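> Okay, predicted coordinates and the sequence, questions at the end:
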Amino acid sequence: MLKVENLFFHYPGNPDNTLKNLSFSIGKGEIFGFLGPSGSGKSTTQKILYKLLGGYSGKILFEDIPLGQWGTGFYERIGVSFELPNHYIKLTAVENLRFFGSFYRKKAGSIADLLKQVGLAEEGDKPVSEYSKGMKMRLNFIRSLLHDPDVFFFDEPTTGLDPIYAGKIKQMIRELKDRGKTIFLTTHNMFDADQLCDRVALLHLGEIRAIDSPYNLKMKYGKPGVMVTKKNASLETFNFPMTGLGKNREFLKILNENEVVSIHSQEATLEEVFVKLTGDQLV
Amino acid sequence: MRHMGIFLKWDTVLLYRNRLFHIALLIALIYTGIFFLLKPLGSLTRILVVLIFNDPVVTGYIFGGVIWMFDKNQHTLQAVSVLPANRRHYLLSKILILSLLAVMVSLVMAIATRGLDFNVFHLVISVFFSSFLFSAVGFAVAALSRGFNEFLLYSVPFFIISAIPMLYMFGIGEIMYFIPLPTTGCIEILRASFTSLNSWYLLIMYCQMFIWAVISWRVVVRVTQKRQV
């Protein structure tokens, strides 16, 4: 669906490359995550992919056609939810959606339904100036759905949302995937990436350090073992390597003592993988 | 053209919601009031030209800049950039709306002060293109500015340049020295709304005005497209 080869980019006036030799491809129906800290080049990559930034070198193909050859019809095929709220604050939510929606040939459904899905049905006729940041972000999200596009670009879609609506948005993203939509997700939130993405690219200082499924990355860079906590006079924790675990005498002894409180496998989190690969934090 | 129609419709709504429509009418009332205060001094054709010309300059330039900054601060420029619409339509719609607003306001001022004793065609065309020119410049300067203060600071030379051709109207200098200036055609055609001017002279002024409208359009497209994200 989308293929990027040897992408380099630098901002005018800055001789250093912001993006350095990025190569990846995203298949139809895939959720592809771009994971990295602020300033790693995530948003720049997105802006290039939806043609807000030009002047890059390398090859970008959308459905095997070079991106530069796509006209305004490209925007009928993609939906973008930006990192920051971007609405006309003097218009109501319904008016904003009507305005943006009126440019598209295809309609996903009624505006009322979309508002209802993100809990804004009762607030649709209020000016956006009266919305909280979370409400504006939910409005951002549904605006990208207005024209039922094939590819979505979500930039930090759960930022500013409470856990209930963050969960709701993630559920909606999964449903889009189930309907065969392709999703490019940029985030610095490892939990979102872990829960949602089929594959993630770990981006650091404009370079991709690793691309794989979250599971494979965690297995590859994690410490294969289990952590057992047992209750004695106080709580005690023991770590055991995964290799030979079934024959590990101490491990078996603790199990047989019937004092085990919890057993956790010790695969790495995506954050730990990131730190291991880059020496940097995901913030 | 469908997209242009959508932009025009919603830009009109936004002009009203942002109260720019109300402010434009208020400015028109103030200028009309100034005119009536000065009326006892005698024939005030040139003062009327100054006041009417000043209106599209203010509504065009300042409102153009303010609208750009509203959109920039609300991050709506990005959202519009990923619509399947020609980005020039976005800009053209706003400039057209501001120009039509200026025409409406200038007609109110002209009728309030002169009744129907003026050439409507010259007035409408000159005010429309004056506003077009200044809205375009307002958008371009706002796009180049980092904030409203910087925008106002940059506006000083533009206002000075725009006013220089009025010297000719007040009998200072030869017209040939003023022709290269962007607003000479606009001011002279506006003057023709209230006084009789030579047809060939008017033709030259119309050409001058159109040329500057095209130049201003090209400049604003170039400047704003580079700064839309």
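Looks like it came in fine. Residues are numbered from 1 along each chain as shown, chains lettered A, B, ... in the order given.

> what does the average pLDDT come to for stretch A:205-222?
Here stretch A:205-222 scores 90 as its mean pLDDT.

> got the end-to-end distance for it?
Chord length of stretch A:205-222, first to last residue, is 23 Å (Cα to Cα, to the nearest Å).

> same deal with stretch A:60-69?
Stretch A:60-69 has an end-to-end distance of 10 Å (Cα to Cα).

> pLDDT on that stretch, on average?
On average, stretch A:60-69 scores 94.

> and what of stretch A:89-104?
Mean pLDDT, stretch A:89-104: 95.

> Using PDB, list the CA coordinates for that stretch.
Output in PDB follows, covering the C-alpha atoms of stretch A:89-104 (Å, rounded to 0.1, in the frame of the first residue of the first chain):
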ATOM      1  CA  ILE A  89     -13.300  27.300  17.300                       C
ATOM      2  CA  LYS A  90     -16.100  29.700  16.500                       C
ATOM      3  CA  LEU A  91     -17.900  26.900  14.700                       C
ATOM      4  CA  THR A  92     -19.700  24.100  16.400                       C
ATOM      5  CA  ALA A  93     -18.500  20.500  16.100                       C
ATOM      6  CA  VAL A  94     -21.300  19.700  13.700                       C
ATOM      7  CA  GLU A  95     -20.400  22.700  11.600                       C
ATOM      8  CA  ASN A  96     -16.700  21.800  11.600                       C
ATOM      9  CA  LEU A  97     -17.500  18.300  10.400                       C
ATOM     10  CA  ARG A  98     -19.900  19.600   7.800                       C
ATOM     11  CA  PHE A  99     -17.300  22.000   6.500                       C
ATOM     12  CA  PHE A 100     -14.500  19.500   6.200                       C
ATOM     13  CA  GLY A 101     -16.800  16.700   5.100                       C
ATOM     14  CA  SER A 102     -18.300  18.700   2.200                       C
ATOM     15  CA  PHE A 103     -15.000  18.500   0.300                       C
ATOM     16  CA  TYR A 104     -15.200  14.700  -0.100                       C
END
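
> Phi, psi for the residue nearest to the spatial centre of chain B please.
Chain B has residue B:131 as the residue nearest its centroid, 1.6 Å off, counting by Cα atoms, centre = their mean. According to degrees, to the nearest 10, the main-chain angles of residue B:131 amount to phi -70, psi -40.

> looking at it, it is touching residue B:103, isn't it?
Yes: contact criterion Cβ atoms under 8 Å: residue B:131 and residue B:103 qualify, at 7.3 Å. Quick note: C-beta positions are derived from backbone N, CA and C, even for glycine.

> can you confirm residue A:145 is in a strand?
No: according to DSSP: H, G, I helix; E, B strand; the rest coil, residue A:145 belongs to no strand; its state is coil.

> So, low pLDDT: which residues of chain B?
Within chain B, the segments meeting pLDDT under 70 span B:226-229.

> and it, which residues reach chain A?
Counting by Cβ under 8 Å from any Cβ of the partner chain, the residues of chain B close to chain A are B:3, B:6, B:10, B:13-14, B:17-18, B:74-76, B:78-79, B:81-86, B:228-229.

> Just those residues: which are in helices?
The helices, defined by DSSP state H, take in B:3, B:6, B:10, B:13, B:14, B:17, B:76, B:78, B:79, B:81 from those.

> wait, what's in contact with the third one?
This points to residue B:10. Counting by Cβ atoms under 8 Å, 6 or more residues apart in numbering or on different chains, residue B:10 touches A:88, A:91, A:99.

> Nearest to residue A:42, out of those residues: which one, please.
Nearest to residue A:42, judged by Cβ to Cβ, of these is residue A:88 at 26.4 Å.

> In chain A, mark out all the helices, start to finish.
Using DSSP H, helices in chain A cover A:42-49, A:74-77, A:93-101, A:111-117, A:133-143, A:163-178, A:190-196, A:214-221, A:249-256, A:270-278.

> among these, which is nearest chain B?
Chain B lies closest, by Cβ to the nearest Cβ, to one member of the helices of chain A: helix A:74-77, at 4.0 Å.

> out of the contacts of residue B:10, who's near chain B?
Applying Cβ under 8 Å from any Cβ to the contacts of residue B:10, those adjacent to chain B are A:88, A:91, A:99.

> Tell me the buried residues within those residues.
By neighbour count, with 16 or more other Cβ atoms under 10 Å in any protein chain shown, the ones next to chain B among the contacts of residue B:10 hold A:88, A:91, A:99 as buried.

> Might you report the residue contacts of the last one?
Listed by Cβ under 8 Å, 6+ apart, the contact set of residue A:99 reads A:88, A:91, B:6, B:10.
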